[in-house]
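J.: The following block contains a protein sequence and its predicted model.
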Amino acid sequence: MTRDELFFKQKNILETADEQLLGRIQDFAEGYKTYLDKSRTERLAVREAVKLAEAKGFRPWEPGKTHVPGEKLYFVNREKGLTLAVIGKKGLGEGANIAAAHVDNPRLDLKPYPLYESDELAFFKTHYYGGIKKYHWVVTPLALVGVVVRADGSKVEVSIGLEKGEPRFVINDLLIHLSGDQLKKPAADVIPGEGLNILLASRPDPEEGSDRVKLTVLKFLNEKYGITEADFLSAELSAVPADEVTDIGFDRSMIGGFGHDDRVCTYAELMAILDMEAPEKTAVCLLVDKEEIGSEGTTGMLAMSFDRFMEDLCRSQGVSLRECFAHSFCLSADVCNAYDPGFPEVSEKRNNAKVNYGVGIFKYTGSRGKSGSSDASAEVVGRIRKLLNDAGVVWQMGELGKVDQGGGGTVAKYTAQRDIDTIDAGVPVLSMHAPFEVIAKADLYMSYLAVKAVYEEK
Ligand code: MN
Ligand code: MN
C-alpha cells in the first residue's frame, strides 16, 4: 500500500468541492435560513415543518388504518413534537430507518406570576429553560412568543417582536462606569438567575392608583390578546432573541442565528424525508421536544408517543413493535461543538469536530468517562461509516471537548434503550447554546445528505 493509502487524512469541504457542489450548499442554506427564522420555539418549529410536509403530500396519521409503500404520514404530538414516516417496500419486521432531532432549545420562559412594577418600570420575571450562560441574555433584543390558555379554556397565541416594526424587549445590564464590583464576580454570578427580568414598559396609565405602568402592560395585553394577569398562570410564554438569521463572513460560508441547536438537524432530517418516495425500509423522521431539560414529559423522547405511532404502523403489518425496533437503525441527529481556535484549551484537537469538515459522527457523548452515553458499538459505527462513504457524504468523527472538561448528552440513549442501534451525528456549532450560534453551510448540507443516505439504505 502507498503512504497515502495508509494515512488517514481529512479535507476541508470548501477546498475540495466543485462549483456545482458549492452552489448546492449555498442554495440549501437559503431554505434553512427561512425555516430557522420562523421557528423560534418548538411549537413554531413543528408548525413550519408540517406546512413543508403537507406541501410534499404528507397526510395526518390516523390510528387503525393500513398503509401502502410510499404512503407519507405525519403525527403531531401536542403541537410540540412531530413524527413523519414514509412507508417502505419492506415490512417493518425488517426494521425502520429513523433519524431523531429535537425542536426545543435554550430560552427564557416567563414565571407563573411574571409581571411586576418597580420604580415606575414594568418587568417580566423569567426562569431559564436549558443550559445558558446568563450574561448572554442581557442587552440583546428579545421577542415574546407562546400561548396563553384563558380562564374559559380558550387558547390565544402571542407573538410580539419578530415582525418588522413591532416593539422588542430587553434585559438591562449594569453600565461599565459602575461595574467595579460586578466585574469581580465569577462569570456564572455576574447576572444571577433572578436578575433575568425583562423590561416591558415605562408609561404610567392615566388611571389613578398603584402600579400604573403594570396597568399599561395589562391593558395592552387585554386589548390585543383578551387576557388578564391571572391568565399567565396557564401560559407558556418565552422570550427569544429577536434578531433575524443572517449569513456570516465575507464569503457567506456560515450562518448566524438563534436555535441552530437543534433546528439545523431538524431541517436536515425534514428535507431528507420530504425527498423520499418509496424507500426500501420505512423512513421515520422524529422531531422531539424537551431534549434540553432531559427529554422528560409527554413531548420528550422518554415519552411513549413515538412508540404509539410506530406500534400502530407495526400492527397494520402484523409485526410486533419490539421486532421492528430490534432491526431498526437510528441517527440521533443533534449538533456538536465545533473546534474554536479562540478556546483551544477545552478540546483535544485531534478528536474534535471542525467547521467545514462535514457532518460530525459521535460514537459517544456523556461526561466523566462517557457516563450517560449509549456509546455506539464498532459495528454500528462501521455501518454508518460505510453508508456515508458509499453515498459520498463528507463526515468526521468528533468528541465533545477533552476528557473530563465537561460534556453533554442527546436523545441517542433513549432510542438505544428501545433496542434500536443508534449513533449520534450532527452539525458542528460555534457558540453553542448562546442566543446567536454559528454553523457552516457545508456541514448543514452534508448532514442532510447523511440523513438521506440512512433513509435510502437498502
Ligand atoms: Mn441539541
Ligand atoms: Mn443543546
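T.: Thanks, I have it. Keep in mind the model is a prediction, meaning the values are calculated, not measured. Ligands and ions are numbered 1, 2, ... in the order given.
J.: Flag every residue of this structure that's near ligand 1.
T.: Neighbours of ligand 1 within the chain, by Cβ under 5 Å from the ion: 261, 262, 334. Glycine gets a C-beta too; all of them are placed from N, C-alpha and C.
J.: Setting aside sequence neighbours, what's the nearest residue to residue 196?
T.: residue 126 (4.7 Å; Cβ to Cβ, 6 or more residues apart in numbering).
J.: Assign the one you found to helix, strand or coil.
T.: Here residue 126 is strand, with the state taken from DSSP: H, G, I helix; E, B strand; the rest coil.
J.: related to what we said a few turns ago, buried members of the residues of the chain next to ligand 1 into PyMOL, please.
T.: Burial among the residues of the chain next to ligand 1 is assessed by 16 or more other Cβ atoms under 10 Å; the matching PyMOL selection reads:
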select buried, resi 261+262+334
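J.: What ranges does the stretch 1-150 of the chain have for its strands?
T.: With DSSP state E, counting those that start in this stretch, the ranges of strands along the stretch 1-150 of the chain come out as 59-60, 72-77, 81-86, 96-102, 107-118, 121-129, 142-149.
J.: just checking, what packs against the fourth one?
T.: Going back to what we said before, that points to strand 96-102. helix 260-274, strand 282-288, strand 329-333, helix 441-455 (3 or more Cβ pairs under 8 Å, 6 or more residues apart in numbering; DSSP states H and E).
J.: Adjacent strands (with direction) for it?
T.: strand 282-288 (parallel), strand 329-333 (parallel) (DSSP bridges).
J.: Give the next helix or strand downstream of the longest one.
T.: What it means is strand 282-288. helix 305-316 (DSSP states H and E).
J.: what does the next helix or strand after that next one contact?
T.: Counting by DSSP H and E, the element after helix 305-316 in chain order, helix or strand, is helix 321-326. Helix 321-326 has contacts (Cβ atoms under 8 Å, 6 or more residues apart in numbering) with 92, 93, 95, 96, 307, 310, 311, 314, 418, 419, 420.
J.: tell me which residues of helix 321-326 are tucked away?
T.: 321, 323, 324, 325.
J.: Residue 144 reaches residue 237, doesn't it?
T.: Yes - Residue 144 is within contact range of residue 237, at 6.1 Å (criterion: Cβ atoms under 8 Å).
J.: And the strands in the stretch 301-450 of the chain?
T.: Using DSSP E, counting those that start in this stretch, strands in the stretch 301-450 of the chain cover 329-333, 336-337, 359-362, 366-367, 395-397, 407-408, 421-426, 428-430, 437-440.
J.: Buried deepest among those, which one?
T.: Among these, strand 329-333 has the highest mean neighbour count (mean count of other Cβ atoms under 10 Å), at a mean of 29.
J.: chain center to that one: distance?
T.: Remark: strand 329-333 is offset 15 Å from the chain centroid, using Cα atoms, centre = their mean, to the nearest Å.
J.: Export it to CSV, keeping only CA atoms.
T.: Output of strand 329-333 as CSV, limited to C-alpha atoms (Å, rounded to 0.1, in the frame of the first residue of the first chain):
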residue,chain,number,x,y,z
PHE,A,329,-31.4,1.9,12.9
CYS,A,330,-31.4,5.5,14.3
LEU,A,331,-29.3,8.5,13.5
SER,A,332,-29.6,10.7,16.6
ALA,A,333,-29.2,14.0,14.8
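J.: can you give me the mean pLDDT across stretch 353-360?
T.: The pLDDT scores in stretch 353-360 average 98.
J.: Stretch 316-327 now?
T.: Rounded mean pLDDT across stretch 316-327 is 98.
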